[in-house]
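S.K.: Fold the following, please.
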Amino acid sequence: MHKLSATQTEKILAAFKTWSDYNTGVKGIAVVGSWDEEQRAHAEADLDLVLVVDDPNHFRNDTAWMTEIDWKAAELGPGHWSECDYAQACSRHLKFDDGAEVEVSFVAPQWAATDPVDKDTRRMAGTGMRVVHDPGGLLGKLLSVL
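M.R.: Here you go, the predicted structure:
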């Protein structure tokens, strides 16, 4: 495993943002956990993304979304994946041949509820959250109360 550079991280985020622009079921994308350079220097090396989607099970059952993302633009090549469930999230752990790792967790819109904020949401997003895509303002509202 290697630490992603800031440049490579931004390319990955841009690839996800471009992909989400064409997927109306994606209501938001955020980076959670150790996402800035200072935090990443002292943290695990993967990039943790939360995607707020209409139907998380769709992404669990269908792997086509993984081929729709422009991994070449993100400077990532072939790799493999595994799946895990955490509370409200279905997560795909993507491991690329160069050692880069991206964890993509799919959650339903209620994950971002603010009255009250769910304990699992607070655990995932409360240590730092960067909003990448938020067409309806759902994640911005959550960020304002964390």
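S.K.: so where's this structure shaky on pLDDT?
M.R.: Residue ranges of the chain with pLDDT under 70: 1-3, 34-45, 83, 85-87.
S.K.: Residue 47 and residue 28, how far apart?
M.R.: To residue 28, residue 47 is 16 Å away according to C-beta to C-beta, to the nearest Å. Just so you know, the C-beta spots here come from the backbone N, C-alpha and C atoms, and that holds for glycine as well.
S.K.: scratch that, residue 119 is what I was asking about
M.R.: Applying C-beta to C-beta, the value for residue 119 to residue 28 is 20 Å.
S.K.: Residue 142 in helix, strand or coil?
M.R.: What DSSP: H, G, I helix; E, B strand; the rest coil gives for residue 142 is helix.
S.K.: Nearest residue to it in space, ignoring adjacent ones along the chain?
M.R.: Nearest residue to residue 142, sequence neighbours excluded (C-beta to C-beta, 6 or more residues apart in numbering): residue 112, at 4.5 Å.
S.K.: tell me how far the ends of stretch 95-102 are from each other?
M.R.: One end of stretch 95-102 to the other measures 7 Å (C-alpha to C-alpha, to the nearest Å).
S.K.: Outside of it itself, list whatever touches it.
M.R.: Residues from elsewhere that reach stretch 95-102, judged by C-beta atoms under 8 Å, 6 or more residues apart in numbering: 1-2, 4, 8, 12, 45-47, 49, 71, 76-82, 93-94.
S.K.: one step back: quick one: the residue nearest to residue 142 from residue 97, how far?
M.R.: Relative to residue 97, residue 112 is positioned 33 Å away (criterion: C-beta to C-beta).
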